[in-house]
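# Pasted the sequence and its predicted model underneath.
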Amino acid sequence: MKNFALVDCNNFYVSCERLFDPSLWHRPVVVLSNNDGCIIARSEEAKMLGIGMGEPYFKAEPVMKRHGVKVLSSNYALYGDMSRRVMDVLQQLEAEVEVYSIDEAFVVLPVIIDRSLKAYAASMRRLIRQYVGIPVSIGIGPTRTLAKLANRLAKKEAKYQGVFDISECESVETLLAESATGDVWGIGQRYAEKLHKHGINTALQLRDANDAWLRKTLTVAGLRTAIELRGISCIGAQDVPSARKSIVSSRSFGKPVSSLEELKEAIASYATIAAEKLRAQGLIASSLQVVLSTNRFNKHLPQYSASQTVNLAQPTANTATLLCQAITSLEHIYKPGYQYQKTGILLAELTSADSRQLPLFGQDIERPDLMQALDRVNARWGRNTLQFAAAGLAKPWSMNQRYKSPAYTSQWDQLPVAS
DNA sequence: TCTGGGGTCCTAGGACCC
DNA sequence: TCTGGGGTCCTAGGACCC
(Lines give C-alpha, C1' and ligand atoms only; values in the text may rest on other atoms or scores of the structure.)
Protein backbone atom coordinates (compact mmCIF):
# COMPACT_ATOMS: atom_id res chain seq x y z
CA MET A 1 0.00 0.00 0.00
CA LYS A 2 1.11 3.52 -0.90
CA ASN A 3 2.01 5.96 1.83
CA PHE A 4 2.55 9.68 1.77
CA ALA A 5 4.80 11.79 3.93
CA LEU A 6 4.11 15.46 4.37
CA VAL A 7 7.34 17.31 5.10
CA ASP A 8 6.62 20.74 6.55
CA CYS A 9 9.19 23.27 7.70
CA ASN A 10 8.61 24.51 11.23
CA ASN A 11 7.81 28.23 11.45
CA PHE A 12 9.57 28.46 8.11
CA TYR A 13 10.16 32.19 7.69
CA VAL A 14 11.29 32.59 11.30
CA SER A 15 13.59 29.56 10.94
CA CYS A 16 15.18 31.10 7.83
CA GLU A 17 15.84 34.36 9.66
CA ARG A 18 17.31 32.52 12.63
CA LEU A 19 19.83 30.70 10.47
CA PHE A 20 21.59 33.98 9.75
CA ASP A 21 20.95 35.83 12.98
CA PRO A 22 21.56 33.73 16.10
CA SER A 23 20.32 36.57 18.31
CA LEU A 24 16.84 35.50 17.24
CA TRP A 25 17.09 32.17 19.01
CA HIS A 26 15.16 31.60 22.24
CA ARG A 27 13.10 34.73 21.93
CA PRO A 28 9.74 35.54 20.38
CA VAL A 29 10.02 36.49 16.70
CA VAL A 30 7.37 37.27 14.08
CA VAL A 31 7.54 37.89 10.34
CA LEU A 32 5.11 40.29 8.68
CA SER A 33 3.34 40.06 5.34
CA ASN A 34 4.03 42.48 2.50
CA ASN A 35 3.43 46.09 3.43
CA ASP A 36 4.06 45.06 7.05
CA GLY A 37 0.35 44.32 7.26
CA CYS A 38 -0.26 41.00 9.00
CA ILE A 39 1.68 38.47 11.02
CA ILE A 40 2.35 35.46 8.80
CA ALA A 41 4.99 33.54 10.74
CA ARG A 42 5.61 33.16 14.45
CA SER A 43 8.26 31.43 16.54
CA GLU A 44 7.03 29.05 19.24
CA GLU A 45 7.70 31.74 21.84
CA ALA A 46 5.49 34.18 19.92
CA LYS A 47 2.71 31.61 19.59
CA MET A 48 2.78 31.15 23.34
CA LEU A 49 2.13 34.85 23.82
CA GLY A 50 -1.17 34.33 22.04
CA ILE A 51 -0.20 36.17 18.88
CA GLY A 52 -2.46 34.86 16.14
CA MET A 53 -1.67 33.74 12.61
CA GLY A 54 -2.82 36.40 10.16
CA GLU A 55 -3.40 38.94 12.88
CA PRO A 56 -2.99 42.58 11.77
CA TYR A 57 0.32 43.95 12.97
CA PHE A 58 -1.13 47.12 14.46
CA LYS A 59 -3.49 45.11 16.66
CA ALA A 60 -0.77 42.86 18.06
CA GLU A 61 1.76 45.66 18.41
CA PRO A 62 1.05 46.56 22.06
CA VAL A 63 1.44 42.95 23.26
CA MET A 64 4.57 42.51 21.19
CA LYS A 65 6.16 45.69 22.52
CA ARG A 66 5.44 44.58 26.05
CA HIS A 67 7.16 41.24 25.55
CA GLY A 68 10.03 42.46 23.41
CA VAL A 69 8.98 40.48 20.34
CA LYS A 70 11.41 40.87 17.46
CA VAL A 71 9.54 41.97 14.31
CA LEU A 72 10.77 41.38 10.76
CA SER A 73 9.40 42.33 7.35
CA SER A 74 9.21 39.41 4.94
CA ASN A 75 12.31 38.65 2.90
CA TYR A 76 11.15 36.44 0.05
CA ALA A 77 14.52 36.37 -1.68
CA LEU A 78 15.89 34.59 1.40
CA TYR A 79 12.91 32.26 1.97
CA GLY A 80 12.73 31.27 -1.70
CA ASP A 81 16.40 30.36 -1.71
CA MET A 82 16.22 28.35 1.53
CA SER A 83 13.11 26.57 0.23
CA ARG A 84 14.98 25.50 -2.87
CA ARG A 85 17.73 24.03 -0.68
CA VAL A 86 15.28 22.03 1.43
CA MET A 87 13.57 20.69 -1.69
CA ASP A 88 16.95 19.83 -3.20
CA VAL A 89 17.68 17.54 -0.25
CA LEU A 90 14.34 15.78 -0.72
CA GLN A 91 14.93 15.41 -4.45
CA GLN A 92 18.07 13.39 -3.65
CA LEU A 93 15.92 10.67 -2.09
CA GLU A 94 14.83 7.58 -3.94
CA ALA A 95 11.26 8.80 -3.81
CA GLU A 96 8.75 10.87 -5.72
CA VAL A 97 8.58 14.43 -4.42
CA GLU A 98 5.70 16.87 -4.99
CA VAL A 99 6.63 20.39 -3.94
CA TYR A 100 3.38 21.73 -2.58
CA SER A 101 4.28 25.19 -1.29
CA ILE A 102 7.28 27.24 -0.27
CA ASP A 103 7.63 25.25 2.96
CA GLU A 104 5.93 21.92 2.27
CA ALA A 105 6.35 18.86 0.10
CA PHE A 106 4.61 15.52 -0.21
CA VAL A 107 6.88 12.54 -0.59
CA VAL A 108 5.41 9.34 -2.03
CA LEU A 109 7.19 6.84 0.17
CA PRO A 110 8.90 3.85 -1.34
CA VAL A 111 8.04 0.40 -0.04
CA ILE A 112 10.68 -0.19 2.57
CA ILE A 113 11.70 -3.57 3.86
CA ASP A 114 14.66 -2.99 6.12
CA ARG A 115 13.18 -0.40 8.46
CA SER A 116 10.00 1.41 9.39
CA LEU A 117 8.56 4.38 7.53
CA LYS A 118 9.07 6.32 10.68
CA ALA A 119 12.79 5.59 10.72
CA TYR A 120 13.01 6.53 7.05
CA ALA A 121 11.26 9.84 7.74
CA ALA A 122 13.48 10.50 10.75
CA SER A 123 16.53 10.21 8.51
CA MET A 124 15.00 12.68 6.02
CA ARG A 125 14.53 15.06 8.87
CA ARG A 126 18.12 14.69 10.03
CA LEU A 127 19.47 15.26 6.51
CA ILE A 128 17.56 18.52 6.10
CA ARG A 129 18.71 19.67 9.48
CA GLN A 130 22.30 18.82 8.68
CA TYR A 131 22.51 20.20 5.12
CA VAL A 132 20.24 23.22 5.36
CA GLY A 133 19.68 23.83 9.06
CA ILE A 134 15.91 24.13 8.88
CA PRO A 135 13.83 22.07 11.35
CA VAL A 136 10.97 20.12 9.76
CA SER A 137 8.08 17.96 10.92
CA ILE A 138 6.91 14.90 9.01
CA GLY A 139 3.48 13.28 9.01
CA ILE A 140 2.83 9.91 7.38
CA GLY A 141 -0.47 8.45 6.20
CA PRO A 142 -2.15 6.45 3.42
CA THR A 143 -3.66 9.62 1.90
CA ARG A 144 -2.41 13.16 1.58
CA THR A 145 -5.18 14.38 3.86
CA LEU A 146 -4.23 11.89 6.60
CA ALA A 147 -0.54 12.72 6.17
CA LYS A 148 -1.46 16.36 6.74
CA LEU A 149 -3.34 15.46 9.89
CA ALA A 150 -0.44 13.30 11.09
CA ASN A 151 1.83 16.28 10.54
CA ARG A 152 -0.20 18.34 13.00
CA LEU A 153 0.48 15.71 15.64
CA ALA A 154 4.17 15.55 14.78
CA LYS A 155 4.36 19.30 15.36
CA LYS A 156 2.18 19.47 18.43
CA GLU A 157 3.44 16.61 20.56
CA ALA A 158 7.10 16.85 21.50
CA LYS A 159 7.19 13.12 22.32
CA TYR A 160 7.00 12.21 18.62
CA GLN A 161 10.26 14.07 17.91
CA GLY A 162 8.96 15.59 14.71
CA VAL A 163 7.74 12.41 13.01
CA PHE A 164 4.31 10.81 13.31
CA ASP A 165 3.03 7.83 11.33
CA ILE A 166 -0.74 7.54 11.51
CA SER A 167 -0.59 3.77 10.97
CA GLU A 168 1.29 3.38 14.25
CA CYS A 169 -1.52 5.14 16.03
CA GLU A 170 -3.38 2.92 18.51
CA SER A 171 -6.76 4.19 17.42
CA VAL A 172 -7.20 6.31 14.30
CA GLU A 173 -10.82 6.79 15.34
CA THR A 174 -9.78 8.44 18.59
CA LEU A 175 -7.36 10.66 16.75
CA LEU A 176 -10.06 11.74 14.30
CA ALA A 177 -12.55 12.25 17.11
CA GLU A 178 -10.06 14.58 18.79
CA SER A 179 -9.47 16.63 15.64
CA ALA A 180 -11.82 19.49 14.79
CA THR A 181 -13.20 19.65 11.24
CA GLY A 182 -11.34 22.91 10.74
CA ASP A 183 -8.03 21.11 11.37
CA VAL A 184 -8.61 18.98 8.31
CA TRP A 185 -6.88 19.96 5.06
CA GLY A 186 -9.56 21.30 2.73
CA ILE A 187 -11.97 22.44 5.45
CA GLY A 188 -11.76 26.19 5.90
CA GLN A 189 -13.80 28.51 8.08
CA ARG A 190 -16.88 28.54 5.83
CA TYR A 191 -17.07 24.79 5.45
CA ALA A 192 -16.48 24.30 9.19
CA GLU A 193 -19.43 26.61 9.92
CA LYS A 194 -21.69 24.75 7.50
CA LEU A 195 -20.70 21.44 9.04
CA HIS A 196 -21.22 22.76 12.55
CA LYS A 197 -24.78 23.76 11.68
CA HIS A 198 -25.45 20.11 10.93
CA GLY A 199 -23.83 18.90 14.14
CA ILE A 200 -20.60 17.81 12.49
CA ASN A 201 -17.68 19.03 14.56
CA THR A 202 -14.96 16.41 14.39
CA ALA A 203 -12.93 14.80 11.64
CA LEU A 204 -14.51 11.47 12.63
CA GLN A 205 -18.03 12.79 12.07
CA LEU A 206 -16.93 14.27 8.76
CA ARG A 207 -15.43 10.94 7.69
CA ASP A 208 -18.70 9.15 8.44
CA ALA A 209 -21.06 11.73 6.94
CA ASN A 210 -23.40 10.87 4.10
CA ASP A 211 -21.79 11.13 0.66
CA ALA A 212 -24.74 12.64 -1.20
CA TRP A 213 -25.19 15.21 1.51
CA LEU A 214 -21.47 16.09 1.48
CA ARG A 215 -21.50 16.43 -2.28
CA LYS A 216 -24.45 18.78 -2.14
CA THR A 217 -23.22 20.87 0.78
CA LEU A 218 -19.47 21.10 0.19
CA THR A 219 -19.23 20.17 -3.51
CA VAL A 220 -16.96 17.38 -4.71
CA ALA A 221 -14.04 18.99 -2.88
CA GLY A 222 -15.64 18.24 0.50
CA LEU A 223 -16.65 14.76 -0.55
CA ARG A 224 -13.10 13.95 -1.63
CA THR A 225 -11.79 15.16 1.72
CA ALA A 226 -14.16 12.80 3.58
CA ILE A 227 -13.15 9.89 1.36
CA GLU A 228 -9.49 10.63 2.05
CA LEU A 229 -10.21 10.53 5.78
CA ARG A 230 -11.48 6.98 5.20
CA GLY A 231 -8.02 6.07 3.96
CA ILE A 232 -8.85 6.06 0.24
CA SER A 233 -6.49 8.28 -1.71
CA CYS A 234 -8.40 10.42 -4.22
CA ILE A 235 -6.74 13.82 -4.07
CA GLY A 236 -3.96 13.21 -6.53
CA ALA A 237 -0.79 14.83 -7.69
CA GLN A 238 -2.76 16.53 -10.46
CA ASP A 239 -4.55 18.53 -7.78
CA VAL A 240 -1.23 19.77 -6.52
CA PRO A 241 -0.03 22.83 -8.45
CA SER A 242 1.98 21.90 -11.53
CA ALA A 243 2.01 24.04 -14.68
CA ARG A 244 1.17 27.68 -13.99
CA LYS A 245 -2.20 28.83 -15.20
CA SER A 246 -1.94 32.43 -14.11
CA ILE A 247 0.56 34.92 -12.82
CA VAL A 248 -0.42 37.71 -10.46
CA SER A 249 1.43 40.79 -9.36
CA SER A 250 -0.30 43.10 -6.93
CA ARG A 251 0.59 45.08 -3.82
CA SER A 252 -1.07 47.25 -1.26
CA PHE A 253 0.25 50.79 -1.16
CA GLY A 254 2.28 52.13 1.74
CA LYS A 255 -0.25 55.00 1.91
CA PRO A 256 -3.58 55.63 0.18
CA VAL A 257 -3.27 56.79 -3.45
CA SER A 258 -5.79 58.95 -5.29
CA SER A 259 -4.04 60.30 -8.36
CA LEU A 260 -4.20 58.51 -11.69
CA GLU A 261 -0.56 59.38 -12.34
CA GLU A 262 0.66 57.44 -9.30
CA LEU A 263 -1.65 54.53 -10.00
CA LYS A 264 -0.27 54.32 -13.53
CA GLU A 265 3.26 54.13 -12.15
CA ALA A 266 2.24 51.38 -9.78
CA ILE A 267 0.45 49.28 -12.40
CA ALA A 268 3.41 49.75 -14.74
CA SER A 269 5.72 48.45 -12.00
CA TYR A 270 3.53 45.41 -11.33
CA ALA A 271 3.20 44.72 -15.05
CA THR A 272 7.01 44.75 -15.22
CA ILE A 273 7.25 42.20 -12.40
CA ALA A 274 4.56 39.98 -13.93
CA ALA A 275 6.27 40.09 -17.32
CA GLU A 276 9.59 39.10 -15.73
CA LYS A 277 7.97 36.13 -14.02
CA LEU A 278 6.34 35.16 -17.30
CA ARG A 279 9.64 35.14 -19.17
CA ALA A 280 11.47 33.37 -16.35
CA GLN A 281 9.07 30.46 -16.86
CA GLY A 282 9.24 30.55 -20.64
CA LEU A 283 5.59 31.51 -20.98
CA ILE A 284 3.48 34.02 -22.88
CA ALA A 285 0.06 35.36 -21.89
CA SER A 286 -3.09 35.84 -23.95
CA SER A 287 -5.24 37.49 -21.32
CA LEU A 288 -4.59 40.41 -19.00
CA GLN A 289 -6.70 41.62 -16.09
CA VAL A 290 -6.22 44.82 -14.11
CA VAL A 291 -7.84 45.26 -10.71
CA LEU A 292 -8.15 48.40 -8.63
CA SER A 293 -9.69 48.78 -5.19
CA THR A 294 -10.06 50.99 -2.14
CA ASN A 295 -9.42 49.74 1.41
CA ARG A 296 -12.29 47.41 2.19
CA PHE A 297 -11.60 47.54 5.93
CA ASN A 298 -12.14 51.26 6.19
CA LYS A 299 -15.91 51.59 6.47
CA HIS A 300 -15.75 55.37 6.78
CA LEU A 301 -14.46 55.94 3.28
CA PRO A 302 -16.39 55.51 0.02
CA GLN A 303 -15.69 52.10 -1.46
CA TYR A 304 -14.97 51.26 -5.08
CA SER A 305 -13.44 48.29 -6.76
CA ALA A 306 -13.29 47.34 -10.40
CA SER A 307 -11.49 45.15 -12.85
CA GLN A 308 -11.10 44.83 -16.57
CA THR A 309 -10.05 41.78 -18.52
CA VAL A 310 -8.83 42.01 -22.08
CA ASN A 311 -7.74 39.39 -24.55
CA LEU A 312 -4.48 40.34 -26.20
CA ALA A 313 -4.31 40.46 -29.98
CA GLN A 314 -1.08 38.45 -29.81
CA PRO A 315 0.06 36.35 -26.85
CA THR A 316 3.10 38.10 -25.41
CA ALA A 317 5.76 38.29 -22.72
CA ASN A 318 6.92 41.73 -23.81
CA THR A 319 7.00 44.20 -20.93
CA ALA A 320 6.21 47.20 -23.13
CA THR A 321 3.13 45.59 -24.66
CA LEU A 322 1.79 44.37 -21.31
CA LEU A 323 2.54 47.62 -19.57
CA CYS A 324 0.74 49.73 -22.21
CA GLN A 325 -2.33 47.52 -22.10
CA ALA A 326 -2.32 47.56 -18.29
CA ILE A 327 -2.26 51.36 -18.26
CA THR A 328 -5.08 51.55 -20.82
CA SER A 329 -7.20 49.19 -18.70
CA LEU A 330 -6.43 51.15 -15.57
CA GLU A 331 -7.49 54.42 -17.20
CA HIS A 332 -10.69 52.70 -18.22
CA ILE A 333 -11.72 51.66 -14.70
CA TYR A 334 -10.23 54.59 -12.77
CA LYS A 335 -12.64 56.96 -11.06
CA PRO A 336 -11.37 60.12 -9.39
CA GLY A 337 -12.24 60.98 -5.82
CA TYR A 338 -11.40 57.67 -4.14
CA GLN A 339 -8.52 56.71 -1.89
CA TYR A 340 -7.14 53.57 -3.45
CA GLN A 341 -5.32 50.93 -1.45
CA LYS A 342 -4.30 48.42 -4.04
CA THR A 343 -3.93 47.68 -7.70
CA GLY A 344 -2.71 44.62 -9.52
CA ILE A 345 -2.38 42.68 -12.71
CA LEU A 346 -3.26 39.09 -13.55
CA LEU A 347 -1.88 37.35 -16.63
CA ALA A 348 -3.78 34.27 -17.79
CA GLU A 349 -4.19 31.83 -20.65
CA LEU A 350 -0.51 31.09 -20.48
CA THR A 351 1.21 29.03 -23.11
CA SER A 352 4.78 28.11 -23.88
CA ALA A 353 6.81 30.83 -25.58
CA ASP A 354 8.37 28.14 -27.79
CA SER A 355 5.11 27.43 -29.54
CA ARG A 356 4.27 31.08 -30.20
CA GLN A 357 2.42 31.71 -33.43
CA LEU A 358 3.67 34.55 -35.54
CA PRO A 359 1.03 37.09 -36.51
CA LEU A 360 -0.67 36.40 -39.81
CA PHE A 361 -1.06 40.10 -40.58
CA GLY A 362 0.96 43.07 -39.49
CA GLN A 363 4.29 43.31 -37.77
CA ASP A 364 5.71 41.03 -35.12
CA ILE A 365 6.58 43.30 -32.20
CA GLU A 366 7.45 40.64 -29.63
CA ARG A 367 11.23 41.30 -29.58
CA PRO A 368 12.34 38.39 -27.36
CA ASP A 369 15.96 39.43 -27.96
CA LEU A 370 15.35 42.83 -26.42
CA MET A 371 13.57 41.33 -23.40
CA GLN A 372 16.40 38.85 -22.93
CA ALA A 373 18.94 41.68 -22.89
CA LEU A 374 16.82 43.54 -20.35
CA ASP A 375 16.55 40.48 -18.09
CA ARG A 376 20.29 39.84 -18.30
CA VAL A 377 21.20 43.36 -17.29
CA ASN A 378 18.80 43.25 -14.36
CA ALA A 379 19.99 39.81 -13.27
CA ARG A 380 23.60 40.97 -13.33
CA TRP A 381 23.23 44.43 -11.81
CA GLY A 382 20.08 44.11 -9.73
CA ARG A 383 16.36 44.51 -10.26
CA ASN A 384 15.27 47.72 -12.03
CA THR A 385 18.78 48.69 -13.13
CA LEU A 386 17.04 49.07 -16.49
CA GLN A 387 13.37 49.90 -16.28
CA PHE A 388 10.58 51.60 -18.19
CA ALA A 389 10.10 55.25 -17.30
CA ALA A 390 6.36 54.63 -16.91
CA ALA A 391 7.09 52.67 -13.73
CA GLY A 392 8.42 55.81 -12.03
CA LEU A 393 11.56 56.32 -10.02
CA ALA A 394 10.63 57.69 -6.61
CA LYS A 395 7.63 55.33 -6.21
CA PRO A 396 6.07 57.22 -3.29
CA TRP A 397 3.23 54.68 -3.20
CA SER A 398 5.49 51.67 -2.59
CA MET A 399 4.83 49.30 0.28
CA ASN A 400 6.25 49.52 3.77
CA GLN A 401 9.11 47.20 4.68
CA ARG A 402 10.44 48.71 7.81
CA TYR A 403 12.13 45.68 9.35
CA LYS A 404 13.70 43.76 6.51
CA SER A 405 16.74 41.56 6.99
CA PRO A 406 19.50 41.43 4.33
CA ALA A 407 19.29 39.16 1.28
CA TYR A 408 21.96 36.99 2.92
CA THR A 409 22.16 34.38 0.19
CA SER A 410 21.13 36.11 -3.03
CA GLN A 411 22.90 39.49 -3.20
CA TRP A 412 26.67 39.76 -3.24
CA ASP A 413 26.70 42.97 -1.24
CA GLN A 414 24.52 41.47 1.47
CA LEU A 415 26.39 38.27 2.25
CA PRO A 416 26.81 37.60 5.95
CA VAL A 417 30.29 38.48 7.16
CA ALA A 418 32.16 36.29 9.63
CA SER A 419 34.43 38.27 11.89
C1' DT B 1 -2.63 56.07 10.96
C1' DC B 2 -2.01 50.79 10.49
C1' DT B 3 -5.71 44.55 7.94
C1' DG B 4 -0.70 40.24 2.40
C1' DG B 5 0.02 38.05 -1.96
C1' DG B 6 -0.28 34.36 -5.09
C1' DG B 7 -2.31 30.42 -6.45
C1' DT B 8 -6.14 26.51 -7.49
C1' DC B 9 -10.75 24.43 -8.31
C1' DC B 10 -15.93 24.23 -8.41
C1' DT B 11 -20.58 25.82 -9.41
C1' DA B 12 -24.47 28.42 -11.01
C1' DG B 13 -26.38 30.99 -14.38
C1' DG B 14 -26.60 33.40 -18.74
C1' DA B 15 -25.77 33.43 -23.73
C1' DC B 16 -25.95 30.99 -27.60
C1' DC B 17 -26.61 27.11 -30.80
C1' DC B 18 -29.34 23.54 -33.26
C1' DT C 1 -54.02 27.49 -19.56
C1' DC C 2 -50.28 25.34 -22.18
C1' DT C 3 -44.15 28.36 -24.63
C1' DG C 4 -38.57 22.08 -25.95
C1' DG C 5 -34.52 19.96 -24.80
C1' DG C 6 -29.95 19.35 -24.77
C1' DG C 7 -25.52 20.81 -25.39
C1' DT C 8 -21.34 24.11 -25.01
C1' DC C 9 -18.92 28.03 -23.57
C1' DC C 10 -17.96 31.83 -20.65
C1' DT C 11 -17.87 34.46 -16.43
C1' DA C 12 -18.45 35.85 -11.72
C1' DG C 13 -18.32 34.50 -7.31
C1' DG C 14 -17.18 31.52 -3.65
C1' DA C 15 -14.44 28.27 -1.51
C1' DC C 16 -9.93 26.37 -0.39
C1' DC C 17 -4.62 26.34 0.29
C1' DC C 18 0.01 28.36 2.13
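The structure has been received and is ready for your questions.

# In contact with the residue of chain A found nearest DNA strand B, which residues?
Residue of chain A nearest DNA strand B, by Cβ to the nearest atom of the strand: residue A:37 (2.5 Å). For every residue, glycine as well, the C-beta is placed using N, CA and C. Each residue near residue A:37 by Cβ atoms under 8 Å, 6 or more residues apart in numbering is listed here: A:56, A:57, A:252.

# Filter the residues you listed down to the ones in helices?
residue A:57 (DSSP state H).

# Any quick PyMOL command for the buried ones out of the contacts of residue A:37?
In PyMOL, a selection of the buried entries from the contacts of residue A:37 looks like this (16 or more other Cβ atoms under 10 Å):
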select buried, chain A and resi 57+252
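
# As TSV, the contacts of residue A:37 with pLDDT would be great.
Listed next are the contacts of residue A:37 as TSV, based on pLDDT from 0 to 100:
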residue	pLDDT
A:56	95
A:57	96
A:252	95
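
# one step back: mind pulling up the pLDDT for the residue of chain A closest to DNA strand B?
Looking at residue A:37, its pLDDT is 95.

# for residue A:7, same thing?
On the pLDDT scale, residue A:7 gets 98.

# Could you check which helix or strand contains it?
When elements are assigned from DSSP states H and E, residue A:7 belongs to strand A:3-9.

# and that strand, what other elements does it pack with?
When contacts are defined as 3 or more Cβ pairs under 8 Å, 6 or more residues apart in numbering; DSSP states H and E, strand A:3-9 sits against helix A:76-91, strand A:104-109, helix A:117-131, strand A:136-141, helix A:144-156.

# in chain A, which spans are helices?
So, for chain A - with DSSP H - the helices run A:12-20, A:44-48, A:57-66, A:76-91, A:117-131, A:144-156, A:172-177, A:189-197, A:203-207, A:211-229, A:260-280, A:319-333, A:368-381.

# hey, which of these is tucked in deepest?
Comparing the helices of chain A by mean neighbour count (mean count of other Cβ atoms under 10 Å), helix A:144-156 comes out on top with a mean of 24.

# Say whether DNA strand B is contacted by that one.
No. Using Cβ under 7 Å from any atom of the strand, we find that helix A:144-156 stays clear of DNA strand B, coming within 13.8 Å at best.

# Stretch A:390-408 too?
Yes. Using Cβ under 7 Å from any atom of the strand, stretch A:390-408 reaches DNA strand B at residue A:399.

# so what's residue A:32 up against?
For residue A:32, the contacting residues are A:38, A:39, A:40, A:57, A:71, A:72, A:73, A:74, A:403, by Cβ under 8 Å, 6+ apart.

# OK, contacts around the last one?
If a contact means Cβ under 8 Å, 6+ apart, then residue A:403 has A:32, A:36, A:71, A:72, A:73 as its contacts.

# ok so, going back, kindly reformat the helices of chain A as TSV containing distance to residue A:356.
As requested, the helices of chain A are arranged in TSV below (distance: least, Cβ to Cβ, whole Å):
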stretch	distance to residue A:356
helix A:12-20	37
helix A:44-48	48
helix A:57-66	44
helix A:76-91	28
helix A:117-131	40
helix A:144-156	36
helix A:172-177	51
helix A:189-197	41
helix A:203-207	47
helix A:211-229	35
helix A:260-280	12
helix A:319-333	13
helix A:368-381	9
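
# if we compare those helices, which one ends up closest to residue A:340?
For the helices of chain A, the distance to residue A:340 is smallest for helix A:260-280, at 6.4 Å, taking Cβ to Cβ.

# The closest one to helix A:319-333, inter-axis angle?
The directions of helix A:260-280 and helix A:319-333 differ by 140 degrees, with axes from the mean of the first three to the mean of the last three Cα atoms, to 10 degrees as the criterion.

# Which other helices and strands does helix A:260-280 contact?
Using 3+ Cβ pairs under 8 Å, 6+ apart as the test, helix A:260-280 ends up in contact with strand A:246-257, strand A:283-294, helix A:319-333, strand A:340-352, helix A:368-381.

# how about stretch A:386-404: buried residues?
A:387, A:388, A:390, A:391, A:392, A:397, A:398, A:399, A:400.

# follow-up on the earlier one: out of the helices and strands packed on helix A:260-280, nearest to DNA strand C?
strand A:283-294 (8.0 Å).

# Next, the buried residues of that closest one.
Neighbour-count burial for strand A:283-294 [16+ other Cβ under 10 Å]: A:283, A:284, A:285, A:286, A:288, A:289, A:290, A:291, A:292, A:293, A:294.

# So is that strand next to DNA strand B?
No. Strand A:283-294 lies out of reach of DNA strand B by Cβ under 7 Å from any atom of the strand, never closer than 9.7 Å.

# Can you add distance to DNA strand C and give the contacts of residue A:32 back as a markdown table?
Output for the contacts of residue A:32, formatted as a markdown table (distance: Cβ to the nearest atom of the strand, whole Å):
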| residue | distance to DNA strand C |
| --- | --- |
| A:38 | 10 |
| A:39 | 13 |
| A:40 | 9 |
| A:57 | 17 |
| A:71 | 20 |
| A:72 | 18 |
| A:73 | 17 |
| A:74 | 12 |
| A:403 | 21 |
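
# Narrow these to those in strands?
A:39, A:40, A:71, A:72, A:73 (DSSP state E).

# Please identify which of the helices of chain A is closest to residue A:100.
helix A:144-156 (8.8 Å).

# For residue A:177, which non-adjacent residue is spatially closest?
residue A:204 (4.3 Å; Cβ to Cβ, 6 or more residues apart in numbering).
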